[in-house]
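Colleague: model the structure of this input:
(2 chains)
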Amino acid sequence: MKGKAHVYDRDDIDTDLIIPARYLNTDDEKELAEHAMEDLDKGFVKKVSNGDFIVARKNFGCGSSREHAIWALRGVGVKAVVADSFARIFFRNAINNGFYAIECKGVSGKVKDGEEIEIDVKEGVVRAGKKVFKFTPFPKFALDIINAGGLLNYVKNHP
Amino acid sequence: MGSTITEKILAKHSGKKVVRPGEIINADIDLVMCHDVTTPPAITMLEKEGIDKVFDNKKIVVTPDHFVPNKDIKSASLAKRLRDWVNKNNIENYYEVGCHGVCHAILPEQGHVIPGITLVCGDSHTCTHGALGAFSTGVGSTDLAAALATGKLWFKVPETIKFVLSGKLPKGVYSKDVILKIISDIGVDGALYKAMEFTGAAIDDMSVEARMTITNMAIEAGGKSGIINPDKKTLDYVKKRTDSGFEVFVSDEDAEYCDVKEYDVSKLEPMVVFPSLPSNGKTADAAEKMDINIDQAYLGSCTNGRIEDLRIAASIVKGRKIAKGVRMIVVPATTDIWKQANKEGLLDIFMEFGATVSTPTCGACLGGHMGILAEGERCISTTNRNFVGRMGHPKSEVYLASPATVAASAVEGKIVDPRRFLE
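Modeller: Here you go, the predicted structure:
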């Protein structure tokens, strides 16, 4: 996967910043996407392109269990979030949706906003120019769920 | 080596003798709780996959709570999708508006939560129910859909941090202050992926309701669950509400913890958490010296909308008048709490004071309705989160505190230490 990195060089980007609760009166992915990251960066929706990544520091996605956070990011074209660490429910939701939440330390701060980066999920590597960041690849059960196209498909095939 | 209560419950539910932290298990789920925001998408997922049956219609409890009574057409259609699905699947335990309540308050109150069970809900504050000695954790809509379809869910067995709370709470200091202090100390990811087990003399002294305020906020430290070993108070609370049998698990003395933190609660003070993270705590005394004027005081939510909370706040505002320019919104968390508060005259006390009382709802806690803040406005609130934009405009501010501190601040029109109101 290759794409542009949108870098938010900070900790604790909560689910209310990713998709404010005032928009949770719908679960329509397109509608949610219009408000992705709105309270953190009003210009995000305009500048993001399909296949881009978000890069941040630790505890990304803390707060609410709303899967709407994943849908808003996916809906606006984000393919993966790279962060030092993730809040537990956000990470679970990501796996269950086949969305990549890449736990890779030290990328934020070393990659410039707008820089092109490459993520190799199998190898467990993020590359930004000559800089290389390693991460522990997903455990097998998580990859199985992602590769099945999400948890429900996985469950259907593993009764 | 012994096991923690969490390990024992998860072992029992995955057909194993023992489980250890890090192990991935597929656990039986005893209870799935559903509300109007995260369940409708789960229903859509099930329909899309052609799954037209729930695993057990007696093990599902549903209450619309977030945006009810419905605030707009979109939220009304979410509630309708939920209601239609309830009818189609003959789900017995459905609390329609009129007997509804905030899910984390109504389930224990109505006897659905019993010790030793596993419980999930598409809501992060599901950790609340650990106060009754259950394993209880928040999940997203896909997990919820899988649990509704199969009655099973995968988990990584969490490590446990033990919080030993000794001493006696001083006057004016409540379980809310204890958990705000703990989160301020360990940070919003201080318990990431971990179970937070609370124990000690101070927990023994607390009512089951006060304990729920503590486990409710485990998620604000990143915790997977909050849990408390059941004692006589727990069993009395549960047996008053249900005839269901249950198995009680408690942690072994030689159970292994990844960390043990000790607090002497007699040294704690009332706390106020400043914007915009639940870990930004200062003492109420320090906050008072900063002269922070407020526009709104909010009393309610799954954290502090129970009868004891209303009693504490009412005892402070009784016979007083609300500060000029301040709105106070009181939201009893369930219909029964509303009725009880009415019976005790608490609602009159609030109305005479100058507050307004709402029907049960999650409401403004998550910026839904019933008390949204405008740009630049400031609210002191008994809720659990003070993120940017949480209760309204991204440039509004939320300060978290106990019911006593919120009530005292409504009297003064600024954030104050409540202790002088209790003398």
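Colleague: what is the end-to-end distance of stretch B:93-101?
Modeller: When the termini of stretch B:93-101 are compared using CA to CA, to the nearest Å, they are 13 Å apart.
Colleague: again but with stretch B:331-349, I slipped
Modeller: From the first residue to the last, stretch B:331-349 extends over 14 Å; the measure is CA to CA.
Colleague: repeat for stretch A:42-52
Modeller: Stretch A:42-52 stretches 17 Å from its first residue to its last (CA to CA).
Colleague: what mean pLDDT does it have?
Modeller: Across stretch A:42-52, pLDDT averages out at 97.
Colleague: so is that stretch next to chain B?
Modeller: No - against chain B, stretch A:42-52 shows no contacts by CB under 8 Å from any CB of the partner chain, the least distance being 8.9 Å. From N, CA and C alone the C-beta is placed, and that goes for glycine too.
Colleague: what does that stretch rub up against?
Modeller: If you take CB atoms under 8 Å, 6 or more residues apart in numbering or on different chains as the criterion, stretch A:42-52 is touched by A:1-6, A:33-38, A:76-79.
Colleague: closest to chain B among the residues you listed?
Modeller: Using CB to the nearest CB, A:Glu38 is the member of the contacts of stretch A:42-52 that lies nearest chain B, at 8.0 Å.
Colleague: which helix or strand contains the closest one?
Modeller: Under the criterion of DSSP states H and E, A:Glu38 resides outside all helices and strands.
Colleague: sorry, back to before: can you select the buried ones from the contacts of stretch A:42-52 in PyMOL?
Modeller: A single PyMOL command selects the buried members of the contacts of stretch A:42-52 (16 or more other CB atoms under 10 Å in any protein chain shown):
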select buried, chain A and resi 3+4+5+6+33+35+36+37+38+76+78+79
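Colleague: which one of the contacts of stretch A:42-52 is nearest to A:Val107?
Modeller: Each of those was scored against A:Val107 by CB to CB, and A:Ala5 proved nearest at 8.1 Å.
Colleague: can I get the strand ranked longest in chain A in CSV, CA atoms only?
Modeller: Counting residues, the longest strand found in chain A (DSSP state E) is strand A:2-8. The C-alpha atoms that make up strand A:2-8 are tabulated as CSV, following Å, rounded to 0.1, in the frame of the first residue of the first chain:
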residue,chain,number,x,y,z
LYS,A,2,1.3,3.4,-1.0
GLY,A,3,-0.3,6.7,-0.1
LYS,A,4,0.0,10.2,1.4
ALA,A,5,0.5,10.5,5.1
HIS,A,6,-1.7,13.0,7.0
VAL,A,7,0.3,13.5,10.2
TYR,A,8,-1.3,14.5,13.5
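Colleague: after it comes which helix or strand?
Modeller: Proceeding N to C from strand A:2-8, the next assigned helix or strand is helix A:15-18, under DSSP H and E.
Colleague: so how far is that next one off the chain centroid?
Modeller: Distance, stretch centre to chain centre, for helix A:15-18: 12 Å (CA atoms, centre = their mean, to the nearest Å).
Colleague: got a list of what B:Ala401 touches?
Modeller: B:176, B:180, B:270-273, B:284, B:380-382, B:409, B:415.
Colleague: could you rerun that using 10 Å?
Modeller: Under the criterion of CB atoms under 10 Å, 6 or more residues apart in numbering or on different chains, the neighbours of B:Ala401 are B:174, B:176-177, B:180, B:270-273, B:281, B:284, B:287, B:297, B:304, B:380-383, B:407-409, B:415-416, B:418.
Colleague: check B:Pro278 too.
Modeller: Applying CB under 10 Å, 6+ apart, one finds that B:Pro278 lies in contact with A:12, A:14, A:62-63, B:179-180, B:183-184, B:187-188, B:217, B:219-221, B:383-387, B:398, B:400.
Colleague: how does it look with 7 Å?
Modeller: B:Pro278 makes contact with B:183, B:188, B:220, B:384-386, B:400 under the criterion CB atoms under 7 Å, 6 or more residues apart in numbering or on different chains.
Colleague: how about A:Asp84?
Modeller: Neighbouring residues of A:Asp84 by CB under 7 Å, 6+ apart: A:57-58, A:105, A:108.
Colleague: swap in 8 Å and give it another go.
Modeller: Shown here is A:Asp84, whose contacts under the criterion CB under 8 Å, 6+ apart are A:11, A:56-58, A:103-108.
Colleague: buried subset of these as a ChimeraX selection?
Modeller: The ChimeraX command for the buried members of the contacts of A:Asp84 (criterion: 16+ other CB under 10 Å) is given here:
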select /A:11,56,57,58,103,104,107,108
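Colleague: could I get the contacts of B:Pro278 as CSV with secondary structure?
Modeller: Shown next, in CSV, are those (DSSP: H, G, I helix; E, B strand; the rest coil):
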residue, secondary structure
B:Ile183, helix
B:Val188, coil
B:Glu220, helix
B:Asn384, coil
B:Arg385, coil
B:Asn386, coil
B:Leu400, strand
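Colleague: and the stretch 101-250 of chain B, which residues reach chain A?
Modeller: Residues of the stretch 101-250 of chain B lying close to chain A by CB under 8 Å from any CB are B:122-124, B:126, B:138-143, B:145-146, B:149-150, B:154, B:188-189, B:192-193, B:219, B:222, B:224.
Colleague: inside helices: which ones of those residues?
Modeller: When these are checked against helices using DSSP state H, the ones located there are B:141-143, B:145-146, B:149-150.
Colleague: chain A: helices as residue ranges?
Modeller: In chain A, helices defined by DSSP H lie at A:15-18, A:29-33, A:44-47, A:68-75, A:88-96, A:140-147, A:151-157, listed in chain order.
Colleague: do the longest one and chain B meet at all?
Modeller: Yes - interface with chain B: helix A:88-96 contributes A:88-89, A:92-93, A:96 (CB under 8 Å from any CB).
Colleague: ok so, going back, among the contacts of stretch A:42-52, which one has the lowest pLDDT?
Modeller: Comparing pLDDT over those singles out A:Met1 as the least confident position, at 93.
Colleague: residue contacts, the closest residue to it other than its chain neighbours?
Modeller: Here the nearest residue to A:Met1 in space, its sequence neighbours aside, is A:Ile119; by CB to CB, 6 or more residues apart in numbering or on different chains that works out to 4.7 Å. Residues touching A:Ile119, when contacts are defined by CB under 8 Å, 6+ apart, comprise A:1-2, A:53, A:80, A:82, A:100, A:102, A:125-127.
Colleague: can you pull out the helices in the stretch 1-150 of chain B?
Modeller: B:5-13, B:39-48, B:73-88, B:103-109, B:141-150 (DSSP state H, counting those that start in this stretch).
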